[in-house]
Every structure is written in C-alpha cells, then in structure tokens.
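K.L.:
Sequence plus the predicted model coming up.
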Amino acid sequence: MMNVAVIGASGYVGAELIGLLCQHDKVSISHLVVSENSTSNGSLFSELHARWQGICDVPLQSFSQGWFESAVDTLDAVFFATPHEFSADWAQAFVEKGVKVFDLSGGFRLKEPADYPIYYGFEHHSLRALAQAQYGLAEWLPDNFSDTQLVAVPGCYPTASLLSLKPITAAELHQEDGLIVVNGISGVSGAGRKASLATNFNEVSLKPYNILQHRHQPEISQEAAAQVIFNPHLAPYKRGLLTTVTLSLKSGTTKAMVDHAFVNAYQDKPLVRIKSSWPQIDDVAHTPFADIHWQFDEDKQVLVVSTAIDNLLKGAASQAVQCFNASLGLPSQYSLLPNVVGISA
Ligand SMILES: NC(=O)C1=CN([C@@H]2O[C@H](COP(=O)(O)OP(=O)(O)OC[C@H]3O[C@@H](n4cnc5c(N)ncnc54)[C@H](OP(=O)(O)O)[C@@H]3O)[C@@H](O)[C@H]2O)C=CC1
Ligand SMILES: CC(=O)N[C@@H](CCC(=O)OP(=O)(O)O)C(=O)O
C-alpha cells in the first residue's frame, strides 16, 4: 500500500485525482492539502466536491512548512495539483526526502531552465529536481521510468497533441523543417476553479487565445522533437479538449506507412482508441480515454490527425494515475477501467 498526499485538493484536477485514487486498491490517501490561506482549510473534501459525498469525507489541511515537516516521513508519494510555481518551489524538498512526486502542473515539464521566465513568468530554483524530472506521457514512457523520483505529468493540450504527433515524428515520417500546425479547443474547466471574468460563462465565446506565446507550444515542440505552431481556443462548454494537427510528410510516404505508425504505437495501449471516424468530445468526457483518427492525402503528402480527451482526466488526473501505475510496475490502466467485455466467437 502506498501512502499518498494530494496537494491542490480543492481544485478541479485535484478533485478528479482524489476520486480516482479512492478507487485504487494500492493507495491509502493520508493527506488532502490546500494552500496556506485557503478558504477551504478544515472543510471536508466532499463538502467542496459533492459528487464524492460518502466516498471521500476527509478534511482538508492547509500547506505550511510545519505540515511538510510533520507529514513528509509518512509519505510514499505526493501529487501536486497546484499552480506551476508552487510545484517548482516544493517538489524538490519531497524528492530529497525519498518521496515520489507526480507533478500535474507545468513546473517540471520544460527541460531548459531559461524557458521558465519566458513561458511561466518565474525563475526556476529547483535545478537538481528539474534535471531529473521525467516527462510522463503515459503511452510513451521510457523503459527506466519506474526509477524516476519526479514525474512531470504532461499538460492537457500537449497530451492530445503529442498522442497525434509522436507516432509520426518517432518514425521520422514528417518533413523536416515543414510547418506543423496544432489547433486545440478546450472547455472552461481547463482554466481551473478560481473565478475570473475571462472564464465567466457569460463572457466565454469560442475564440483563440495566447497565439504564438502559449506555454504548451515549447512543451509540444520539445517532446515531439519538432517545432510546432500551437493555436489554443477556448469554447463555452465544461469538459473536454480536442486537438487537430496538420503537417506535411516526407515525399514517398504511403498511407500504409502512416497507418502502421499509429497502429504500431497504440495497438497494445488500451486507453488510446483508434477510431474509424473523427473523434468527438462527448465520447471521452468523464473517461480516461484518448480517441484518435487521421486522414492522409497521399497526393499532397498532407496528414491531418485529431485527438479528443477529457482535459481533467487523460489531460491530467487519470494520466497521473497511469504514471503512478507504471512507476509501481502495474498495467497503465490499472484501476481506471471497469472489466472489459468482449464479443466471444
Ligand atoms: N484544469 C485543467 O484542465 C488542467 C490543469 N492542469 C494543471 O493542474 C494544476 C491545477 O489545476 P486546476 O485544478 O485546474 O486549478 P484550480 O485553480 O482548480 O486548483 C488549484 C489548487 O491549487 C491550490 N493552491 C493554489 N495556490 C496554492 C499554493 N500557493 N500552495 C498550495 N496550494 C495552492 C488551490 O487551493 P485553494 O484555492 O483552496 O487555496 C487549489 O486546490 C495547475 O498547475 C494546472 O495548470 C493540468 C492539466 C489540465
Ligand atoms: C482553457 C484554459 O485556460 N486552459 C489552460 C490550459 C490547462 C492548464 O491548466 O494547463 P496545464 O495543462 O499546462 O497544466 C490554459 O490555456 O492555460
């Protein structure tokens, strides 16, 4: 049994994660933590997130140096569902005490420290931890993943974008220096629980934002090993995210080569579903699945790939559980899927 804490328990991602950890039989949740001055301190988790009443009626504690000192020796793993800078400041302290860290923020996703002031607005001071952080795109983990002490769980848009792109870039089918355009659309839960005018329901209309400067552009480029242009869009619905990637492939690439790249990548990955038609958000919202479909124009050598996910699950919480499972040597989908029913002959 792993004793775990979740920091950021009052937020949207933290709530989904706690819901999933409650149904994981290798996990004992020992602390649910909010910010030092949180108005939620002392409330029951289920008072804030009523879906979990009767499932997780645990009181929330506030984070402090004192809490860290009293709790750290009792923990095997800690999940950060907190602002990026908080994770960047605190993850290293847990790692140095031998606690595995799963960071769902962007605090450790970019490898280059100089990118943090540019894309995140702060200087990174945990350089030892940053150097050892392992990116956790669950279907593309390296063989030595279980050795890592600090997992940078990918961003929501990068998860969908990279699931589309990596089969192609890993097989080196893309045209080098060709334009790769990623269009993404997210529901409003992508912006978190805290109220703001920009995410007020009456204000949200489908529109692009942060064009050419979104922090996910360097993350997608880094992990795809190819420069992309990323165009995020905010849309007036709650949950789910869809990316559509357009790129040119090397001349001579055939449809069979493209199909093989995707099937080879995902045929043994139960949480990525290869679809026979374009994916849609309603099929993945509230699930840990990524649905993917592509079309290749052999004459023009142009490929379009679309992936739909739930931003709070495959884009955050359920992918963190996949990484946790992998770090324990469990199947990626452990505790995330009900019994799978097939048609027997
Ligand atoms: N929303 C999404 O779709 C996705 C979000 N993420 C990332 O996950 C993280 C959480 O996002 P989300 O749940 O949406 O955000 P929310 O705003 O909904 O929740 C943020 C949580 O962090 C806590 N918190 C805020 N400041 C501090 C602090 N200084 N110290 C400790 N805890 C703090 C809040 O506690 P309180 O307010 O009670 O003080 C709250 O529990 C972010 O890094 C985000 O980028 C990743 C992928 C997808
Ligand atoms: C709709 C919306 O605002 N989405 C957020 C992305 C989701 C998120 O919280 O970011 P990470 O995945 O990097 O953690 C944004 O564009 O900043």
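P.N.:
Nice, thanks for sending it over. Ligands and ions are numbered 1, 2, ... in the order given.

K.L.:
Could you use CA atoms for every contact and neighbour count after this?
P.N.:
Noted.

K.L.:
how about the residues of the stretch 151-300 of the chain near ligand 2?
P.N.:
155-156, 186-188, 190-191, 234 (Cα under 6 Å from any ligand atom).

K.L.:
buried subset of these?
P.N.:
Buried members of these, counted by 16 or more other Cα atoms under 10 Å: 155-156, 186-188, 190, 234.

K.L.:
give me the subset of those touching ligand 1.
P.N.:
Checking those against ligand 1 (Cα under 6 Å from any ligand atom), the matches are 155-156, 190.

K.L.:
Format those residues as TSV; extra columns: secondary structure.
P.N.:
Output for these, formatted as TSV (DSSP: H, G, I helix; E, B strand; the rest coil):
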residue	secondary structure
Gly155	coil
Cys156	helix
Gly190	helix
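
K.L.:
can you put those residues in CSV and add pLDDT?
P.N.:
Below are these laid out as CSV (pLDDT from 0 to 100):
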residue, pLDDT
Gly155, 94
Cys156, 98
Gly190, 96
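
K.L.:
So which of the residues you listed is the closest to Tyr120?
P.N.:
Nearest to Tyr120, judged by Cα to Cα, of these is Gly155 at 13.1 Å.

K.L.:
number of nearby residues for the residue lying closest to that closest one once chain neighbours are set aside?
P.N.:
Leaving out its chain neighbours, the residue that sits closest to Gly155 by Cα to Cα, 6 or more residues apart in numbering is Gly315, at 6.3 Å. By other Cα atoms under 10 Å, the residues close to Gly315 number 29.

K.L.:
shaky segments in the stretch 101-250 of the chain?
P.N.:
Scanning the stretch 101-250 of the chain with the threshold set as pLDDT under 70 gives no residue ranges.

K.L.:
one step back: need the residues of the stretch 151-300 of the chain next to ligand 2 in TSV with distance to Ile274, can you?
P.N.:
Formatted as TSV, these follow (distance: Cα to Cα, whole Å):
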residue	distance to Ile274
Gly155	21
Cys156	19
Ser186	21
Gly187	23
Val188	26
Gly190	24
Ala191	28
Leu234	25
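
K.L.:
nearest to ligand 1, of the residues you listed?
P.N.:
Gly190 (3.3 Å; Cα to the nearest ligand atom).

K.L.:
Roughly how far does that closest one sit from Gly155?
P.N.:
To Gly155, Gly190 is 10 Å away according to Cα to Cα, to the nearest Å.

K.L.:
what's the spacing between Ala160 and Tyr266?
P.N.:
To Tyr266, Ala160 is 14 Å away according to Cα to Cα.

K.L.:
swap that for Gln23, sorry
P.N.:
For Gln23, the distance to Tyr266 - Cα to Cα - is 26 Å.

K.L.:
more neighbours, these two?
P.N.:
Tyr266 (19 against 13).

K.L.:
Then His31 would be within a strand, right?
P.N.:
Yes. Under three-state DSSP, His31 sits within a strand.

K.L.:
Start and end of stretch 195-206, how far apart?
P.N.:
Using Cα to Cα, the two ends of stretch 195-206 sit 19 Å apart.

K.L.:
and Leu110, that's in a helix?
P.N.:
No. Leu110 is assigned coil when assessed by three-state DSSP, not a helix.

K.L.:
Give me the nearest residue to it, chain neighbours excluded.
P.N.:
Closest to Leu110 by Cα to Cα, 6+ apart is Glu219, at 6.1 Å.

K.L.:
And the one you found, which helix or strand is it part of?
P.N.:
Taking DSSP states H and E as the criterion, Glu219 maps to helix 216-224.

K.L.:
now check that helix, is it near ligand 1?
P.N.:
No. Against ligand 1, helix 216-224 shows no contacts by Cα under 6 Å from any ligand atom, the least distance being 10.5 Å.

K.L.:
residue contacts, the residue in the chain that ligand 2 sits nearest to?
P.N.:
Here the chain gets closest to ligand 2 at one residue, Gly155, 3.2 Å apart by Cα to the nearest ligand atom. Taking Cα atoms under 8 Å, 6 or more residues apart in numbering as the contact definition, Gly155 lies against 104-106, 216, 315-316.
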